[in-house]
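Novice: I'll drop the sequence and a predicted model, then ask my questions.
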Amino acid sequence: MSILIVGAGATGGYLADRLTAGGRNVTVLVRERTQQRLAVHGLQIRDRGTTRNVPVRSVTRDDLRDVFDVVIVAVRSDTIETAIADFTPAVGADTMIVPVGNGVAHVTALRTAFGDHRVVGAAVEMATSVAADGVVDVTQPGVRFTIGALDGSVGIGSLVAELDVEGIDVTVVDDALTAVWRKFLFISSTAVLTCLARGTIADIAADDNGAGLADQVVDETEEVVAATSGLPSDATALRARLRDRSWDWAPSMYRDLVAGRRAEVEVLREMAGYARLHSIRTPLLDAAVVAIAVSNRRVSNRRVSSRPQR
Ligand SMILES: NC(=O)C1=CN([C@@H]2O[C@H](COP(=O)(O)OP(=O)(O)OC[C@H]3O[C@@H](n4cnc5c(N)ncnc54)[C@H](OP(=O)(O)O)[C@@H]3O)[C@@H](O)[C@H]2O)C=CC1
Ligand SMILES: CC(C)(CO)C(=O)C(=O)O
């Protein structure tokens, strides 16, 4: 099967690495600047202290002609519409589209553009970031896909076989949208908590007020998710995990924030938008959105001021 990965950043780059290592037929859709970097270095993956350079086939939107069997969409939510326009030529009658992103809005955008028979519901877990030197840093090796057809006509079996390589674990579920909402609850709660308190789950759990803060954050996100998705509340396991003093972990938004990179605040803005829709008060979520947006503006201003003057 032919696989197109849209975006070769933290998630797309690592997935391309794992699938290429597993002998799959992988192409990445990238912009020109990234294509030039890939031509010189290949994908650069730093994993457990060593960096590997992985040659990978790449295309830009201008030379995308072929239809692919699988399209994995690995872009941030604020770029989903441009990405859809760019990869549309790669989508044929039987193409399976697999979204990697966080939130639910991007899944809706893909379903609207391509139909439920082409889009696979997917909750994807991994821990990778793009460092300042452009290398994909693997914080924790391995990828976990929880996938399911949104419409019975998608042939999930062949996709599962294709994703079955070392380092990728796949679970098929009947109701993939539930998994997507559960992951949205998880990422929102952990991002709000770690970005506000500026520490990992272990750091926060070790503080006398940490568990109380974690509970308040989960109260907010759980209420919004229940009101928006219609799913029953189910955050008991999450509350327990957020009390784990040995879990020295934080989500990608926190890793980006503390490293001075742009963090994907749009995922939290999406959650805050649902809160407003249902008139739910979410002071902690709102505070995290402001804190991350302020940091993002600093990152953009720094970029502008470091550009050479004409
Ligand atoms: N990082 C992680 O550990 C995890 C992240 N996620 C989610 O996955 C999604 C992607 O995140 P992540 O990979 O970290 O983000 P990154 O910013 O690291 O990577 C996104 C990449 O997409 C590229 N891109 C965007 N639009 C296009 C386009 N039209 N054509 C080609 N390339 C494009 C960007 O290229 P350019 O630089 O040229 O703009 C960038 O390299 C997010 O929603 C995130 O929340 C999910 C699980 C774990
Ligand atoms: C769900 C989680 C936390 C890990 O895959 C994630 O998506 C992220 O860190 O962005």
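Specialist: Happy to help now that I have it. Everything numeric here is computed off the predicted structure, so don't read it as measured data. Numbers count the residues shown, from 1 in each chain. Ligands and ions are numbered 1, 2, ... in the order given.
Novice: residue of the protein closest to ligand 1, please.
Specialist: Nearest residue of the chain to ligand 1, counting by CB to the nearest ligand atom: residue 9, 1.8 Å away. The way it works is simple: take the backbone N, C-alpha and C, and place the C-beta from them, glycine included.
Novice: can you count the residues close to that residue?
Specialist: Counted with other CB atoms under 10 Å, residues neighbouring residue 9 total 17.
Novice: one more: the one 10 residues further on?
Specialist: Other residues lying near residue 19 total 23 when counted by other CB under 10 Å.
Novice: by residue count, which strand of the protein is the longest?
Specialist: Ranked by residue count, the top strand of the chain under DSSP state E comes out as strand 136-149.
Novice: list the buried residues for that one?
Specialist: For strand 136-149, the neighbour count (16 or more other CB atoms under 10 Å) marks 136-138, 143, 145-149 as buried.
Novice: residues from the stretch 1-150 of the chain in reach of ligand 2?
Specialist: Counting by CB under 6 Å from any ligand atom, the positions of the stretch 1-150 of the chain adjacent to ligand 2 are 102, 125-127.
Novice: are any of those buried, and which?
Specialist: Neighbour counting with 16+ other CB under 10 Å marks 102, 126-127 as buried within these.
Novice: among those, which ones lie close to ligand 1?
Specialist: Near ligand 1, by the rule CB under 6 Å from any ligand atom, you find 102, 126-127 out of these.
Novice: looking at those, which are in strands?
Specialist: With DSSP E as the criterion, strands contain 126-127 from among those.
Novice: in a markdown table: the ones next to ligand 1 among the buried ones among the residues of the stretch 1-150 of the chain next to ligand 2, plus pLDDT.
Specialist: As requested, these are exported to a markdown table (pLDDT from 0 to 100):
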| residue | pLDDT |
| --- | --- |
| 102 | 97 |
| 126 | 98 |
| 127 | 97 |
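Novice: ok, of the ones next to ligand 1 among the buried ones among the residues of the stretch 1-150 of the chain next to ligand 2, which one's closest to residue 165?
Specialist: residue 126 (13.7 Å; CB to CB).
Novice: next one: stretch 221-237 to chain centre, how far?
Specialist: A distance of 20 Å separates the centroid of the chain from that of stretch 221-237, by CA atoms, centre = their mean, to the nearest Å.
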